[in-house]
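> Got a predicted structure here, sequence first:
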Amino acid sequence: MGIYSYIKGILVSKDEDDIVIDNNGIGYEVICPYSISDKIGPEGAEVKVWIYQSVREDDITLYGFPSLEMKEMFLSLIGVSGIGPKVAHSICAQVEPDRFALAVVGSDITYLTSVKGLGKKGAERIVLELKDKLKKSGISAGSSASAKSKGALRDPSGEAVSDMGSIASDAIEALVVLGYKEQTAAQTVSSCYEDGIDLQTLIKKSLKSLAR
């Protein structure tokens with residue numbers, strides 16, 4: 001994963017491809033296109049940038065993210081065969097984590113192939129391998145969650161949520177896709193669940209809760 005978790009400092013500059021952050025007199029050059037850096041903050045502001053450090057024989061590169069959930073999405077993507085840091089970062093620049101997770105859980109290949117630089121084979125591989133991750137976690141995509149998750153999932157009133165075959169269990173699957181532990185996902189969905197909530201809103205709300 002690299003030695004850096006995040007860098008906090010002054011956003012000195014940003015251009016089409018990267019940003020520079022000053023932290024105690026050291027300028028860190030971080031790969032971060034406008035579509036991502038715009039979410040981090042304006043030049044001159046104190047910012048917190050989540051970091052992934054890519055180390056190769058002849059190169060050390062820092063990739064930046066405005067939120068932990070986007071970094072988790074990136075880490076899930078580079079775990080897919082054939083998806084390197086550059087492609088994964090490009091996908092993150094175009095798709096929000098909640099929408100990405102929704103596409104994977106729903107096997108929405110059409111949506112994923114609308115992402116620039118991602119072809120049909122790549123999209124299918126992402127869905128296949130990340131859904132395999134669900135199976136290894138004891139969850140089958142599109143089915144009810146495991147017994148452990150069922151036991152953890154309750155609505156705000158404390159009552160067990162009975163409709164585990166739909167929104168609640170799909171939200172757990174989406175969080176697992178993004179790299180969160182199943183039990184953590186179940187507990188978070190439990191605290192964010194409310195009657196009438198739609199899947200994407202539940203995923204987004206859960207991610208915000210996890211980022212706190």
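Arrived safely, thanks for sending.

> what kind of secondary structure is A93 in?
Three-state call for A93 (DSSP: H, G, I helix; E, B strand; the rest coil): helix.

> what's the closest non-adjacent residue to it?
S35 (4.4 Å; CB to CB, 6 or more residues apart in numbering). For the C-beta atoms, the positions are set from N, CA and C on the backbone; glycine is no exception.

> okay, which residue is most central for the protein?
M73 (2.7 Å; CA atoms, centre = their mean).

> Is that residue within a helix or a strand, and which one?
Under the criterion of DSSP states H and E, M73 resides in helix 68-78.

> Please put the alpha-carbon coordinates of that helix into CSV.
Provided in CSV are the C-alpha atoms of helix 68-78 (Å, rounded to 0.1, in the frame of the first residue of the first chain):
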residue,chain,number,x,y,z
LEU,A,68,-10.7,7.9,2.2
GLU,A,69,-13.6,6.2,0.4
MET,A,70,-12.1,7.2,-3.0
LYS,A,71,-8.7,5.8,-1.9
GLU,A,72,-10.5,2.6,-0.9
MET,A,73,-12.1,2.4,-4.3
PHE,A,74,-8.7,2.9,-5.9
LEU,A,75,-7.2,0.1,-3.8
SER,A,76,-10.0,-2.3,-4.8
LEU,A,77,-9.4,-1.4,-8.5
ILE,A,78,-5.6,-2.1,-8.4
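
> what ranges do the helices span in this protein?
34-37, 68-78, 85-94, 97-105, 109-112, 120-136, 147-152, 167-177, 182-192, 199-211 (DSSP state H).

> Lowest average confidence across the ones you listed, which one?
The stretch with the lowest mean pLDDT among these is helix 147-152, at a mean of 45.

> you'd agree the residue nearest to the centre of the chain is up against P97?
Yes - M73 sits in contact with P97 when judged by CB atoms under 8 Å, with a separation of 4.4 Å.

> what residues do the two have in common as contacts?
L178 (CB atoms under 8 Å, 6 or more residues apart in numbering).

> what helices or strands is the longest strand anywhere in the chain leaning on?
When the chain is parsed with DSSP state E, its longest strand is strand 46-56. Strand 46-56 is packed against strand 6-14, strand 18-23, strand 59-65, helix 68-78, with contacts defined by 3 or more CB pairs under 8 Å, 6 or more residues apart in numbering; DSSP states H and E.

> Just name the most buried of these.
The highest mean neighbour count among those, using mean count of other CB atoms under 10 Å, belongs to helix 68-78: a mean of 22.
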